[in-house]
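*Asks:* Turn this into a structure:
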Amino acid sequence: MDKDELCNKIQELEPMIRFAGLINPNGRLIAGGMKHGFESLEEERDNEMLYMELVLRAKMRKEFDKVFGPVKFAMSYRDKLIVMSFPINDNVLLISVEKEVDFSKLPFKVLELISH
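*Replies:* Below you'll find the model as predicted:
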């Protein structure tokens, strides 16, 4: 599946998804972005810092793959939204959603979509 197509399909999974984007190992957005009808909560210049930090955390989690197995997804529950990240090969899929979403089900829907 094409990278942009993947991000679009993820955005279609749930109306409360705000953002779905694929971040490369250099911390650059290579596909996807903000869903139509939503505004970013952070400044444009903060995006690069957010993406780089996300990639760094994903790389650091790999240190424990031999002990615990590979990470399927990580989630941060914040005051204003929920952020989820999914490693896909060398890239990281970043999703942000409204806090009202059922976060016990959404990550598994995303994993199912990624695996196809």
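*Asks:* low pLDDT regions in the protein?
*Replies:* In the predicted model of the chain, residues 44 satisfy pLDDT under 70.
*Asks:* can you tell me which helix in it is longest?
*Replies:* What stands out as the longest helix in the chain, according to DSSP state H, is helix 44-61.
*Asks:* any idea how far the nearest residue to R61 once chain neighbours are set aside lies from L56?
*Replies:* Spatial nearest neighbour of R61, excluding adjacent residues (C-beta to C-beta, 6 or more residues apart in numbering): V71 at 4.8 Å. Placement of C-beta: from N, CA and C, glycine included. Between V71 and L56 the computed distance is 14 Å (C-beta to C-beta, to the nearest Å).
*Asks:* N89 now?
*Replies:* N89 sits 17 Å away from L56, going by C-beta to C-beta.
*Asks:* Please identify which of those two sits among more neighbours.
*Replies:* L56 (11 against 6; other C-beta atoms under 10 Å).
*Asks:* Please name the residues that touch the more buried one.
*Replies:* If a contact means C-beta atoms under 8 Å, 6 or more residues apart in numbering, then L56 has no contacts.
*Asks:* Same check on I30?
*Replies:* 3, 22-24, 91.
*Asks:* Quick check: phi and psi at the residue sitting nearest the centre point of the chain.
*Replies:* The residue lying closest to the centre of the chain (C-alpha atoms, centre = their mean) is L94, at 1.6 Å. Phi and psi for L94, reported as degrees, to the nearest 10, are phi -110, psi 130.
*Asks:* Bridged to G33, which residues?
*Replies:* Beta-bridge pairing of G33 under DSSP bridges involves A20.
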